[in-house]
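Engineer: When you get a sec, could you give me coordinates for this:
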Amino acid sequence: MTDAELAAHLAEIAGRILIEVRGSGVFEGKALGSAGDATANEFLCRALRAARPNDGLLSEEEKDDAARLNHSRVWIVDPVDGTREYGELRSDWAVHVGLSVDGIASVGAVALPGLDGGLVLRTDQVADLREPATAPRFLVSRSRPAKEALAVCKTLGGELVPMGSAGAKAMAVVRGEAEIYLHSGGQYEWDSCAPVAVALAHGLHCSRIDGTPIRYNRADTYLPDLLICRPEYAERVLKEVAALS
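Structural biologist: Just a heads-up that it's a prediction; the model follows:
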């Protein structure tokens, strides 16, 4: 099984597990989110360690092991990206299984189990991008939209589209439901590794909001900002963000 096949397989199974946990009726609200996180994390980490024992591993739901810094290949996972949305029985949450190779998001899969029938977007199965909307649609947080996104959206005459998890937002750009995902409110490596790998495979622009490349498997896993957008918007968006500072 290739790395991409493994990522997609595990993301899909973890998604099914999460739907089962949510449908059990045993948990609700924050307790449901915690149960989903723990259950999906247990499966993903055990499966990755069994399938790729020589690789490093970083998960949001496990204590960080600095030994990963000695590895060229490191799996970076978020068992439930959008725990709040998952616990609220919404559809805009995701499962991230990404592989960083020499600091670059190279392989990955993002499952969207909350959608009807479920969906897994992956680096080895690439579809053509849809035609963009006339006015760019900006994906923003439901509760804390990035000030840069608000300002650039206004300048470009765009439309704000509130949505839940980072993975759901990134995949909305891949799926042609929006053109730009501009985030500056703080994230961690597991929030973006798999989505960035999938977005890059589909020909989208991915960078920090100052235009510098995104690097993974660092000692400090904090990643404060992110831009994923259609390539025709990248230069203009980065120019507008730079003008704000």
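
Engineer: from what I can see L57 touches R73, true?
Structural biologist: No - the criterion here is Cβ atoms under 8 Å, and L57 misses it with R73 at 9.9 Å. From N, CA and C alone the C-beta is placed, and that goes for glycine too.

Engineer: so what's the residue at minimal distance from the centre of the chain up against?
Structural biologist: With distances taken as Cα atoms, centre = their mean, G167 lies nearest the centre of the chain, 3.1 Å away. Neighbour list for G167: 78, 81-82, 93-96, 110, 112, 191, 194-195 [criterion: Cβ atoms under 8 Å, 6 or more residues apart in numbering].

Engineer: how about 6 Å then?
Structural biologist: G167 is in contact with 81, 94, 96, 110, 195, counting by Cβ atoms under 6 Å, 6 or more residues apart in numbering.

Engineer: repeat for A135
Structural biologist: A135 touches 157-159, counting by Cβ under 6 Å, 6+ apart.

Engineer: which ones are touching L200?
Structural biologist: Taking Cβ under 6 Å, 6+ apart, we find L200 in contact with C206.

Engineer: List of residues touching the helix or strand in which A7 is found?
Structural biologist: Using DSSP states H and E, A7 sits within helix 3-23. Applying Cβ under 6 Å, 6+ apart, the external contacts of helix 3-23 come out as 35-36, 39-40, 43-44, 47, 51, 95, 97, 99, 107-109, 111, 113, 118, 120, 122-124.

Engineer: 7 Å instead, please
Structural biologist: Contact partners of helix 3-23, identified using Cβ atoms under 7 Å, 6 or more residues apart in numbering, comprise 32, 35-36, 39-40, 43-44, 47-48, 51, 79-80, 86, 95, 97, 99, 107-111, 113, 118, 120, 122-124.

Engineer: Give me the buried subset of the residues you listed.
Structural biologist: Using 16 or more other Cβ atoms under 10 Å as the burial test, these include 32, 35-36, 39-40, 43-44, 47-48, 79-80, 86, 95, 97, 99, 107-111, 113, 120, 122-123 as buried.

Engineer: Which of those fall in strands?
Structural biologist: Among these, the members falling in strands (DSSP state E) are 79-80, 95, 97, 99, 107-111, 120, 122.

Engineer: Of the residues you listed, which is the nearest to G176?
Structural biologist: Closest approach between these and G176, by Cβ to Cβ: V110, at 15.2 Å.

Engineer: What distance do you get for the nearest residue to D124 once chain neighbours are set aside to L227?
Structural biologist: Spatial nearest neighbour of D124, excluding adjacent residues (Cβ to Cβ, 6 or more residues apart in numbering): A4 at 3.6 Å. For A4, the distance to L227 (Cβ to Cβ, to the nearest Å) stands at 24 Å.

Engineer: Who has more neighbours out of these two?
Structural biologist: L227 (26 against 21; other Cβ atoms under 10 Å).

Engineer: Can you show me the strands along the protein?
Structural biologist: According to DSSP E, the strands that the chain contains are 56-59, 73-81, 94-101, 104-111, 120-122, 137-141, 159-163, 180-183, 187-188, 205-207, 222-223, 226-229.
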